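Asker: Provided below for reference: sequence and predicted model.
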Amino acid sequence: MALLNPALTRTQALVVATAAVFTVVAGVSVAAGAPDVERFVVAGLGLAALAALVGESTEQVGEHLGPGPTGLLQSTLGNIPELLVAIFALRLGLTAVVQAALVGSVLSNVLLVLGTAFVSGGARHGPQQFLPEAPRMLVTLLTLAVGALLVPTLAAHLSTPAAHHIAALSDTAAVVLLVVYVASVPFWLGGGPEPSAPAPSNPHRWRLGFSITVLALACLASGAVSEWFVDALKPATHSLGLSQVFTGLVVVAIASNAVEHATGIRFAWKARPDFAISTILNSPLQVALLLTPVLVLSSRYVGPMQLTLVFPPLLVAALAVAIIVVAVVVYDGEYSWLEGVALVALYVIVSAAFWWG
């Protein structure tokens, strides 16, 4: 009984119930041999609900550790569903889906989620000011990640001497990104620059044992649902007429990543811009500095093809434009709802460019 925790908010209870229901429904649809599209949609909804549950339970575990470790833990473990989807996709040789999903995870957060947060906070409270030091650091590190994709991609497409050693160049860049990630850990554990206001207290904090139990169950369920989702992905997207790149860029990225970051939008709605921006931008940073290099280095042991950092040029260009726009938006330490509209609009334009892929 020590693990039981009745103090769930209505929203938390809804997240838990939704994740449980869609996990069961997805399992039943697989066992019953349902059509590919039905299995794909149900598993995608289940994956989104589980991503939200992983994010919530990770945050609850982290609250027992302090604000710095909480942010690091949430942004790292919160990407578990996406990591599992990528591994299962690599096993099936769906490299294009994985590449698009990695870029899509960054784009969905820095454009769609951050833009939505700006709209919700700016429209309700007017222009919002925040300390720009931490967002500037996040954008700087994201720019490094863009460079890590841009150099191998250009080397391959421009037929430079390095084009004959793309695997080695990708491994080198991946190791460098991991080193930078490790070097950044003390900064975030120290909390980074202090926010303009203290972190809001959580009157509905879960007990540690309950939090760990929910997190473990959510991760286990994510593994099963991720496999079902990927198994149905190729035939379902073929039936729907969707390209692999668009599926990874939009569908997989949102299902496995963006839903989790509704927390950042809630912070903006409550006029807490420092926490909104930090919460939202930390996840794509983890994707860029940790998840992507880990997949590059491990892909040769997972699937039939090695994942390299040679991405489709339009994906890299879209990512670079997105980071530049976000850097301009956050540099002055203030945002408005119109800037949020601009970010969301750019996301729609980028997504449309891959619809016919």
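Answerer: Nice, I can see it.

Asker: Least confident secondary structure element in this structure?
Answerer: One helix or strand of the chain scores below all others by mean pLDDT, DSSP states H and E: helix 67-77, with a mean of 62.

Asker: ranges for the strands of the stretch 101-250 of the chain?
Answerer: Assigned by DSSP state E, counting those that start in this stretch, the strands in the stretch 101-250 of the chain fall at 128-129.

Asker: picking that back up, by contact count, what packs against the helix or strand just after the least confident helix or strand of the chain?
Answerer: Going down the chain from helix 67-77, the next helix or strand is helix 80-91, by DSSP states H and E. The contact analysis (3 or more Cβ pairs under 8 Å, 6 or more residues apart in numbering; DSSP states H and E) places helix 80-91 against helix 36-62, helix 95-107, helix 208-240, helix 253-256, helix 292-302. C-beta here means a position set from N, CA and C on the backbone, and glycine is covered the same way.

Asker: what packs against the longest one?
Answerer: It refers to helix 208-240. Looks like helix 208-240 contacts helix 10-31, helix 36-62, helix 80-91 (3+ Cβ pairs under 8 Å, 6+ apart).

Asker: same thing with the second one?
Answerer: Packing contacts for helix 95-107, counted by 3+ Cβ pairs under 8 Å, 6+ apart, involve helix 80-91, helix 244-246, helix 253-256, helix 273-286, helix 292-302, helix 313-331.

Asker: Select, out of the helices and strands packed on helix 80-91, the one closest to Glu339.
Answerer: Among the helices and strands packed on helix 80-91, the nearest to Glu339 by Cβ to Cβ is helix 95-107 (16.5 Å).

Asker: Report the inter-axis angle for the closest one versus helix 208-240.
Answerer: Angle of helix 95-107 versus helix 208-240, following axes from the mean of the first three to the mean of the last three Cα atoms, to 10 degrees, is 120 degrees.

Asker: Off-centre distance for helix 95-107?
Answerer: Chain-centre distance of helix 95-107: 10 Å, with Cα atoms, centre = their mean, to the nearest Å.

Asker: now stretch 332-352
Answerer: With Cα atoms, centre = their mean, you get 18 Å for stretch 332-352.

Asker: buried residues in stretch 128-137?
Answerer: 128, 130-132, 134-135, 137 (16 or more other Cβ atoms under 10 Å).

Asker: Next: stretch 293-300.
Answerer: Of the residues in stretch 293-300, those buried (16+ other Cβ under 10 Å) are 293-299.

Asker: Show residues contacting it.
Answerer: By Cβ atoms under 8 Å, 6 or more residues apart in numbering, the residues outside stretch 293-300 that reach it are 83, 86-87, 90, 98, 102, 170-171, 173-175, 177-178, 181, 305-309.

Asker: how does it look with 7 Å?
Answerer: Defining contact as Cβ atoms under 7 Å, 6 or more residues apart in numbering, one finds that stretch 293-300 is touched by 86, 90, 98, 170-171, 174, 177-178, 306-309.

Asker: Least reliable of the helices and strands packed on helix 208-240 by average pLDDT, please.
Answerer: Among those, helix 36-62 has the lowest mean pLDDT, at a mean of 84.

Asker: got the angle for that one vs helix 273-286?
Answerer: Using the same axes, to 10 degrees: helix 36-62 against helix 273-286 is 120 degrees.

Asker: Next, work out how far apart Lys236 and Leu83 are.
Answerer: Wrong residue type there; residue 236 is Ala, not Lys. 21 Å (Cβ to Cβ, to the nearest Å).

Asker: ignore the last one, Val251
Answerer: On the measure of Cβ to Cβ, Val251 and Leu83 end up 17 Å apart.

Asker: now do Ala173
Answerer: Separation of Ala173 from Leu83 (Cβ to Cβ): 19 Å.

Asker: For these two, indicate the residue with more neighbours.
Answerer: Ala173 (22 against 19; other Cβ atoms under 10 Å).

Asker: show me the contacts for that one.
Answerer: Contacts for Ala173 (Cβ under 7 Å, 6+ apart) come out as 148, 151-152, 309.

Asker: got those as TSV, with neighbour count, distance to Leu281 and pLDDT columns?
Answerer: Formatted as TSV, these follow (neighbours: other Cβ atoms under 10 Å; distance: Cβ to Cβ, whole Å; pLDDT from 0 to 100):
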residue	neighbour count	distance to Leu281	pLDDT
Ala148	24	18	95
Val151	19	23	96
Pro152	25	24	96
Leu309	27	22	96
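
Asker: Narrow the residues you listed to those in helices?
Answerer: If you go by DSSP state H, these have 148, 151-152 in helices.

Asker: Relative to Trp355, which of the contacts of Ala173 is nearest.
Answerer: Leu309 (24.9 Å).

Asker: The closest one against Pro152, yeah?
Answerer: Yes - contact criterion Cβ atoms under 7 Å: Leu309 and Pro152 qualify, at 4.2 Å.

Asker: Touching both of the two, which residues are there?
Answerer: With Cβ under 7 Å, 6+ apart, Leu309 and Pro152 have common neighbours 170, 173.

Asker: picking up where we left off before, out of the contacts of Ala173, who's nearest Val185?
Answerer: Using Cβ to Cβ, the contacts of Ala173 come closest to Val185 at Ala148, 18.4 Å.

Asker: Next, work out how far apart that closest one and Leu217 are.
Answerer: Distance from Ala148 to Leu217, by Cβ to Cβ: 35 Å.

Asker: Could you do Ala236 as well?
Answerer: For Ala236, the distance to Leu217 - Cβ to Cβ - is 27 Å.

Asker: Ok, Ala43 next?
Answerer: Separation of Ala43 from Leu217 (Cβ to Cβ) stands at 17 Å.
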